[in-house]
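Student: please work out how this folds:
(chains A, B, C and D)
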There are 2 protein chains.
Amino acid sequence: MVRNKVKLAFMENNTERRVSYRKRQKGFLTKARELNTLCDVELATLVNSPYHNELEVFPNHKAATGIFTKFIDLPEDKKSKNMKTHEKITTKRIEKIEKELEKVRKENKKME
Amino acid sequence: MVRNKVKLAFMENNTERRVSYRKRQKGFLTKARELNTLCDVELATLVNSPYHNELEVFPNHKAATGIFTKFIDLPEDKKSKNMKTHEKITTKRIEKIEKELEKVRKENKKME
DNA sequence: AACGCTATATTTAGCCC
DNA sequence: CGGGCTAAATATAGCGT
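Tutor: Okay, the predicted model is just below:
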């Protein structure tokens, strides 16, 4: 992502991975905070890594628990009110992801 | 964050907010994916917004449910200082094993 | 191991269609 | 509205301490 591009794959070097983790974890939380504040959406994240003792939770333990609980308890049928619409959305999302995947693959090839 | 800086506050303009949301949501998921892949940590996110019908879940419904459940079920006493010490020991052990793993990997590469 | 620095890669606000 | 473009802001890999 800088100086040299980094291939999107597990970083095998322990030291580098740890340093990268610390930096990226910080950036990730910043992005979460920005999205949350600017657009006022319900957002929670959870990171469990061997690099810190406690879990990294956003925005905080209580709020995250609330959001997660609501998600887990969500009955199956609530997840697709209208199957056709649901399928359409899913298809679109898959197309998007496939495009991104293709992009990433091309980028990775370039770097080799 | 570009052209003009944006104040870290709720965007009052509906259209701008929606556009910003779409862009930032995409960026946020990318960052989650990168952190997850590069550092191989247990990571889950959940975004519920009025801008899309479904919840945005990372990495997927099943994995997220698992991670969230584990988090919610975590008993209070697991957060005690004793536990932290224990976790520290575990972390150290993991570090040791990882170093060994790295060593082995290097040796394997040499042999290729 | 953790920090600070900086050169680049990446993200994204403001526009245009 | 949703997609594409681009300039400017940010994030971060590699390196020195």
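Student: I figured A:Glu34 hits B:Arg24, correct?
Tutor: Yes - with contact defined as C-beta atoms under 8 Å, A:Glu34 reaches B:Arg24; the gap is 6.8 Å. Using the backbone N, CA and C atoms, a C-beta is placed for each residue, glycine as well.
Student: mutual contacts of these two, please.
Tutor: Both A:Glu34 and B:Arg24 lack any common contact, where contact means C-beta atoms under 8 Å, 6 or more residues apart in numbering or on different chains.
Student: residue numbers of chain A in contact with DNA strand D?
Tutor: Residues of chain A found near DNA strand D (C-beta under 7 Å from any atom of the strand) are A:1-4, A:6, A:16, A:19-20, A:23-24, A:26-28, A:30-31.
Student: B:Ala64: which of these is nearest?
Tutor: A:Phe28 (15.8 Å; C-beta to C-beta).
Student: check the secondary structure at that closest one for me.
Tutor: When classified by DSSP: H, G, I helix; E, B strand; the rest coil, A:Phe28 comes out as helix.
Student: follow-up on the earlier one: just the ones of the residues of chain A next to DNA strand D in helices?
Tutor: Within these, residues falling in helices by DSSP state H are A:16, A:19-20, A:23-24, A:26-28, A:30-31.
Student: so how far is DNA strand C from the nearest residue to A:Ala32 once chain neighbours are set aside?
Tutor: Once flanking residues are discounted, A:Ala32 sits nearest to A:Phe58: 4.9 Å by C-beta to C-beta, 6 or more residues apart in numbering or on different chains. According to C-beta to the nearest atom of the strand, to the nearest Å, A:Phe58 stands 15 Å off from DNA strand C.
Student: and A:Phe58, bridged to which residues?
Tutor: Counting by DSSP bridges, A:Phe58 forms beta bridges with A:Thr45.
Student: my guess is it contacts A:Leu43. True?
Tutor: Yes - with contact defined as C-beta under 8 Å, A:Phe58 and A:Leu43 form a contacting pair (7.4 Å).
Student: quick revisit: which pLDDT value goes with the residue nearest to A:Ala32?
Tutor: Note on A:Phe58: pLDDT of 95.
Student: neighbours of it, how many?
Tutor: Other residues within reach of A:Phe58, judged by other C-beta atoms under 10 Å in any protein chain shown, total 18.
Student: can you count the residues close to whichever residue of chain A sits closest to DNA strand C?
Tutor: Here the residue of chain A nearest DNA strand C is A:Val2; by C-beta to the nearest atom of the strand that distance is 3.2 Å. A:Val2: 5 surrounding residues under other C-beta under 10 Å.
Student: try A:Lys26
Tutor: Look at A:Lys26: counted by other C-beta under 10 Å, it has 10 neighbours.
Student: cool, A:Glu16 as well?
Tutor: Every residue meeting other C-beta under 10 Å relative to A:Glu16 is counted, giving 12.
Student: quick one: residues contacting it.
Tutor: The contact partners of A:Glu16, by C-beta under 8 Å, 6+ apart, come to none.
Student: which residues of chain A lie near DNA strand C?
Tutor: Residues of chain A lying near DNA strand C by C-beta under 7 Å from any atom of the strand: A:1-5, A:14-15, A:18-19, A:22, A:31, A:34, A:38, A:107.
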